[in-house]
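Colleague: My questions are about this predicted structure, shown below with the sequence.
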Amino acid sequence: FSEEYPSNEPLKLYGKYSRKDVCRVLNWENDEKGTMYGYKTKHGTCPVFVTYHKDEDVDSSVAYEDEFISPEILTMFSKNNRTLKSAELQPIIYSEDYNVDIHVFVKKDDAEGRDFYYLGKAVVDRNSLEQTTIPTTSGDRPIVKMNLLMESPIKHNMYHYLTSK
């Protein structure tokens with residue numbers, strides 16, 4: 001683990017973190033970066049990782065169209081083969097009831113390397129929940145679309161940097 005981020009230090013807004021760093025800062029006992037694709041809920045925390053601009057050759061089953069609607073709202077998709085009733089999604093959808101902190105990490109594209117910018121905490125706008133589908137090589141699969149409401153709006157220069165091509 002990187003000594004740069006002692007586990008008693010809170011996440012710094014707009015700081016850069018790898019999945020491994022996030023495990024450490026959130027006091028997860030193991031490095032679980034290999035199982036933290038998209039999002040993972042554990043110990044009252046749920047880091048969400050978004051690669052904003054996907055490579056064109058990415059498999060359609062993981063070509064999620066996560067995007068900012070505004071500096072306050074990030075549209076996010078669940079992993080495929082999930083529904084509104086999936087057990088994995090309940091602590092995210094009802095994060096306040098489950099006492100789960102959703103932490104949002106975004107990188108512009110894979111060319112940036114392994115580090116993501118920490119953009120702060122968010123909650124799900126339950127009015128935005130939508131059961132939909134994503135095409136995969138084995139047919140359409142269920143997926144859940146939701147809006148994350150950012151605790152504080154993304155500052156202009158970061159928002160512009162992440163969303164511009």
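Modeller: Received the coordinates, thanks. Numbering: from 1, shown residues only.
Colleague: Mind listing what's buried along the longest strand belonging to the chain?
Modeller: Ranked by residue count, the top strand of the chain under DSSP state E comes out as strand 116-136. In terms of neighbour count (16 or more other C-beta atoms under 10 Å), strand 116-136 has its buried residues at 116, 117, 118, 119, 120, 121, 122, 123, 124, 134, 136. Backbone N, C-alpha and C define where each C-beta goes, glycine included.
Colleague: By mean pLDDT, point me to the weakest helix or strand of the protein.
Modeller: Least confident helix or strand, the chain: helix 19-25 with a mean of 88, by mean pLDDT, DSSP states H and E.
Colleague: Need the CA coordinates for it. CSV is fine.
Modeller: What follows is helix 19-25, C-alpha atoms only, in CSV (Å, rounded to 0.1, in the frame of the first residue of the first chain):
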residue,chain,number,x,y,z
ARG,A,19,-8.5,1.6,-6.6
LYS,A,20,-5.8,0.2,-4.2
ASP,A,21,-5.4,3.7,-2.5
VAL,A,22,-9.2,3.8,-2.1
CYS,A,23,-9.3,0.4,-0.3
ARG,A,24,-6.7,1.7,2.1
VAL,A,25,-8.3,5.1,2.8
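Colleague: which helices and strands sit right next to whichever helix or strand comes after it?
Modeller: For helix 19-25, the following helix or strand on the C-terminal side (DSSP states H and E) is strand 45-51. Contact partners of strand 45-51 among helices and strands, from 3 or more C-beta pairs under 8 Å, 6 or more residues apart in numbering; DSSP states H and E: helix 19-25, strand 73-77, strand 101-107, strand 116-136.
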